[in-house]
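Student: Coordinates for the following, if possible.
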Amino acid sequence: MALKDIVVIGASAGGVDALQRLCAQLPADFPAAVLVVQHLSPVTRSLLPQLLNRAGPLPAHSPQDGDAIAPGRIYVGAPDLHMLLRPGKVLMRRGPHENRTRPAVNALFRSAALAYGGRVIGVVLTGLLDDGTDGLIAIKAAGGLSVIQDPKDAEWPSMPQNALKRDHVDHKLPLEELGALLARLVREEAGVGIPLPHEYAVEDEMAAQEFSVMDSNMITPGEPSHISCPDCGGVLNEITVENELRFRCQVGHAFTPLGLAAAQTDELERALSVAARTHRDRVRLFGQMRDSAHARGLPHAEGRWLEASRESEDMIAVLERAMTSLRRQPSEGEA
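Tutor: Numbering: from 1, shown residues only. Modelled structure (predicted):
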């Protein structure tokens, strides 16, 4: 009899503390493997494995590519690597970013659903945006269970809140009650595994490839949209599975609609900032030219440079208003 022996957990902002508190609740005889993805900086060493190792009785570490999965252990995603599952082992791969993140919660959850079906329990904790929601939907579709931290209890409620909006979650509890729930669920018989649509397997294979050697023959699922990828400028395909829309380009970068909107906002803010800085440089240049024309007794040239300087100052004001308007757009929690 198979049990629910694969627990995958995702967190973002506020997740380090939440994960420590959750791992402290898990008993020493916990009969399932726990696999954790926390959004991490790609350029710094993560201390999360050591923190979780000290937090509770279960040993925690960041696995190597191909390591075997064993019950009663915590496997922690490493910076700049997706952590993916295959039957009996963990993959650590530098595949394309998903919502500009690597490791990504959706990538872990999707691979767990494909590899273990009804044996999987997916858990979404505190965090920004909606990473993990599509992964929970895949887990549910494959026969597994979905669990979220109560958004009212989360330091950053967006991730569990978006999961609650877009998926029929099985359990919603405060963090302090999640450990006892998981200890009970992992001793229950697993649900019947349900095969997932082909698109999930293709996206999982894309995540498992090294980004620098992506298979050029792999066909991106979905249909071309009229939207470009914020990461590489390529065309994004629209993928609709389980009534959920997401996007992926030919290079492999993936986005949820909320993640895509956030990435577009970042690009717009960068572009507006560059434009405003350039106009400030122009004001300085035009001021120098005006002073030079004045010193040489050229009033017409002086007037031209003065007018050009005023036009750039007007453009700076327009650009600053546009950046203020961007910041007032719907928050990251509104899917």
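Student: what about the helices in this protein?
Tutor: In the chain, the segments counted as helices under DSSP state H are 15-25, 48-55, 105-116, 133-141, 158-166, 175-185, 198-208, 257-295, 299-327.
Student: Reformat these as a markdown table; add mean neighbour count, distance to residue 219 and mean pLDDT.
Tutor: For every residue, glycine as well, the C-beta is placed using N, CA and C. What follows is the helices of the chain, written out as a markdown table (neighbours: other C-beta atoms under 10 Å; distance: least, C-beta to C-beta, whole Å; pLDDT from 0 to 100):
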| stretch | mean neighbour count | distance to residue 219 | mean pLDDT |
| --- | --- | --- | --- |
| helix 15-25 | 20 | 35 | 98 |
| helix 48-55 | 18 | 36 | 97 |
| helix 105-116 | 29 | 18 | 98 |
| helix 133-141 | 28 | 20 | 96 |
| helix 158-166 | 24 | 27 | 94 |
| helix 175-185 | 17 | 37 | 98 |
| helix 198-208 | 20 | 7 | 94 |
| helix 257-295 | 16 | 21 | 95 |
| helix 299-327 | 14 | 35 | 94 |
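Student: Which pLDDT value goes with the residue of the chain most remote from its centre?
Tutor: Here the centre of the chain is the reference, and by C-alpha atoms, centre = their mean the most remote residue is residue 297, at 60.4 Å. At residue 297, the model reports a pLDDT of 94.
Student: and if you look at residue 168?
Tutor: The model's pLDDT for residue 168 equals 82.
Student: how many other residues sit next to it?
Tutor: The local packing of residue 168 (other C-beta atoms under 10 Å) involves 9 other residues.
Student: And it, how close does it get to residue 148?
Tutor: Distance of residue 168 to residue 148, computed by C-beta to C-beta, to the nearest Å: 11 Å.
Student: what's the answer for residue 206, then?
Tutor: 26 Å.
Student: How about residue 43?
Tutor: 30 Å.
Student: more crowded one of these two?
Tutor: residue 148 (28 against 7).
Student: What are the neighbouring residues in contact with that one?
Tutor: Contact partners of residue 148, counting by C-beta atoms under 8 Å, 6 or more residues apart in numbering, are 123, 124, 125, 136, 160, 163, 164, 169, 171, 172.
Student: before we move on, what about residue 146?
Tutor: 121, 122, 124, 136, 139, 140, 163, 167, 168, 169, 170, 171.
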